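# Please work out how this folds:
(one chain, ligands or ions: 8)
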Amino acid sequence: MNRPLFLALVACTFISRARCASDAVEWCYHLSDCNDPNWPTIAPKYCNGSRQSPINIVSASATGDSGLTAFTFHNYSSTVALTKITNTGKTVKVTLASGVQVSGGKLSEAYDSLQFHLHWGNTSSMPGSEHTVDGKRYPMELHIVNSKSSYNGNTSQAITDSTGLAALGFFIEEMSGNATASPSSWHTLTSYLANITEAGHSVKMTPGISLDDLLAGVDRTSYYRYLGSLTTPTCNEAVVWTVFKEPIKVSKDLIDLFSSTVRIGNSTSAHMINVYRNVQPSQAVTTQLKSTASKASYSISFLSILGAIYSRI
Ligand SMILES: *[C@@H]1O[C@H](CO)[C@@H](O)[C@H](O)[C@H]1NC(C)=O
Ligand SMILES: *[C@@H]1O[C@H](CO)[C@@H](O)[C@H](O)[C@H]1NC(C)=O
Ligand SMILES: *[C@@H]1O[C@H](CO)[C@@H](O)[C@H](O)[C@H]1NC(C)=O
Ligand SMILES: *[C@@H]1O[C@H](CO)[C@@H](O)[C@H](O)[C@H]1NC(C)=O
Ligand SMILES: *[C@@H]1O[C@H](CO)[C@@H](O)[C@H](O)[C@H]1NC(C)=O
Ligand SMILES: *[C@@H]1O[C@H](CO)[C@@H](O)[C@H](O)[C@H]1NC(C)=O
Ligand SMILES: *[C@@H]1O[C@H](CO)[C@@H](O)[C@H](O)[C@H]1NC(C)=O
Ligand SMILES: [Zn+2]
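Ligands and ions are numbered 1, 2, ... in the order given. Sure, this is the predicted structure:
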C-alpha cells in the first residue's frame with residue numbers, strides 16, 4: 001500500500017534526507033540505508049508496530065469464519081472509473097473516479113475505492129508480490145485501496161481508525177502457454193507505462209477498461225482476511241486486509257513491462273524493480289469455512305454413525 005500523502009513524499013525527495021516536511025520519512029526499496037529493513041528505525045511510528053503487513057499466509061492455519069460473505073462491488077464494471085495513471089517513483093498508481101465502492105465481505109460499512117497500485121519484482125523470473133501464501137511469492141500483487149465512506153475520502157482520518165482502510169489484494173501470475181499481450185485489459189493498462197516512465201509523470205486514462213476487466217477470472221468469494229497495516233511508511237495499522245486466493249493471469253510480456261519501463265526518478269535513474277516490502281510477523285488469518293459439500297458429507301457420515309449407535313441400543 002502506498003501512503004496517501006504522495007505530495008509530501010514527492011516534496012521529500014527534494015528536501016533533506018531522512019526527515020522533511022509534514023514528518024513524512026524518506027524511504028526507498030533500493031538502497032540499504034532507506035529500504036524496508038530500516039523502516040522500523042526511520043519510521044518507528046508505525047513501521048515498528050505489532051500488526052504489520054504484508055505477511056506470509058499459512059493456508060492450513062487460517063481459521064473458518066462463516067461471516068466472510070461475498071462482497072458487493074459498485075461501479076467495478078464502469079469503463080470510466082479509471083481516470084489517471086501515475087508513476088509515483090515507488091509504484092504505478094491508478095486513480096479511481098468517485099462513486100466506486102466495495103461493501104459486504106464482513107466490512108463494517110461501505111468503503112470508497114480510491115486507487116489501485118501494483119507491487120512487482122524484476123521480470124516474472126524474480127517475483128515481487130507482498131503477501132506470500134505458504135511461502136510462495138507471486139510475480140506481482142495489485143492493491144485496491146478503499147477508505148470508509150463515512151470519512152468522505154479523507155484518508156488522514158481513515159488512517160487513525162484501526163479499520164479505516166480496506167485493502168483488496170490480488171496476486172498476479174504468469175498466464176500459461178505462449179500468450180502475449182493478454183488479457184486485452186492488461187494490454188491496455190500497460191500501454192500507458194511508456195507515457196509515465198519518470199517519477200511524477202501522470203496521464204489521463206481514456207475510457208475503456210473497468211476494474212472487473214482487470215480482475216477477470218478471479219473468484220472474489222474466496223479470500224483470506226486479517227488486520228494489518230499499510231505496507232509503506234508510515235505503515236499505519238489501519239487496514240482490514242483481504243487477499244484473494246485465485247490470481248489474475250497476465251501474459252509474461254506484460255508482467256515484464258513493469259520492471260523494464262518505469263523508472264524511480266528521471267530518465268537517467270534506475271528502473272523501478274523489487275517494489276515490495278518483505279513479510280512481517282504472522283497475524284491471525286480467517287477464511288471461508290470449508291465447502292458445504294464436504295460439510296454435508298461430514299454430517300451424513302456423522303448421522304449414520306449416530307444411527308448405527310442408536311440401532312444397537
Ligand atoms: C521496536 O520495538 C521493539 C519492541 O516492541 C523494541 O525493542 C525496539 O527497540 C523497537 N525498535 C525501534 C527501532 O524503535
Ligand atoms: C456509479 O454508479 C452510479 C449509479 O449507481 C452512476 O450514476 C455513476 O455514474 C457511476 N460512476 C462511475 C464512475 O461509473
Ligand atoms: C533485473 O533483471 C535484469 C534483466 O534480467 C537484469 O539485467 C538485472 O541485473 C536485474 N537487476 C537486479 C537488481 O536483479
Ligand atoms: C481531513 O481530516 C483532517 C482531520 O480531521 C482535517 O484536518 C483535514 O482538513 C481534512 N482534510 C480534508 C481535505 O477535508
Ligand atoms: C509454446 O511455444 C513453444 C516454442 O515455440 C512450443 O514448442 C510450445 O508447444 C508452445 N506451447 C503452447 C502451450 O502453445
Ligand atoms: C502516450 O505516448 C504516445 C507515444 O508517445 C502518444 O502517442 C500518446 O498520445 C500518449 N498517450 C497519452 C494518454 O498521453
Ligand atoms: C537526473 O537526476 C539526477 C540526480 O537527481 C541529476 O543529477 C541529473 O541531472 C538529472 N538528469 C536529467 C536529464 O534531468
Ligand atoms: Zn500496496
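# by contact count, what packs against the helix or strand containing Q115?
Remark: Q115 resides in strand 111-120, with elements defined by DSSP states H and E. Here strand 111-120 touches strand 92-96, strand 101-104, strand 140-148, strand 165-174, helix 252-261, going by 3 or more C-beta pairs under 8 Å, 6 or more residues apart in numbering; DSSP states H and E. C-betas here are computed from N, CA, C, even on glycine.
# what about the shortest one, distance to the chain center?
What that stands for is strand 101-104. What separates the centre of strand 101-104 from the centre of its chain is 16 Å, taken as C-alpha atoms, centre = their mean, to the nearest Å.
# That one pairs with which strands, parallel or anti?
Strand 101-104 has these partner strands in its sheet, going by DSSP bridges: strand 71-74 (antiparallel), strand 111-120 (antiparallel).
# And for the first one?
Each strand that pairs with strand 92-96, with its direction, by DSSP bridges: strand 82-87 (antiparallel), strand 111-120 (antiparallel).
# just checking, next helix/strand downstream of the longest one?
So the one you mean is strand 111-120. strand 132-133.
# out of the strands paired with strand 92-96, deepest packed?
Comparing the strands paired with strand 92-96 by mean neighbour count (mean count of other C-beta atoms under 10 Å), strand 111-120 ranks first with a mean of 25.
# mind exporting that strand as PDB, just the C-alpha atoms?
Below are the C-alpha coordinates for strand 111-120, written out as PDB (Å, rounded to 0.1, in the frame of the first residue of the first chain):
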ATOM      1  CA  TYR A 111     -15.700   1.700   1.600                       C
ATOM      2  CA  ASP A 112     -14.900   4.100  -1.200                       C
ATOM      3  CA  SER A 113     -12.400   2.600  -3.700                       C
ATOM      4  CA  LEU A 114      -9.900   5.400  -4.200                       C
ATOM      5  CA  GLN A 115      -7.000   4.000  -6.200                       C
ATOM      6  CA  PHE A 116      -5.100   0.800  -7.100                       C
ATOM      7  CA  HIS A 117      -1.400   0.300  -7.500                       C
ATOM      8  CA  LEU A 118       1.000  -2.600  -8.000                       C
ATOM      9  CA  HIS A 119       4.000  -4.300  -6.500                       C
ATOM     10  CA  TRP A 120       6.500  -6.300  -8.500                       C
END
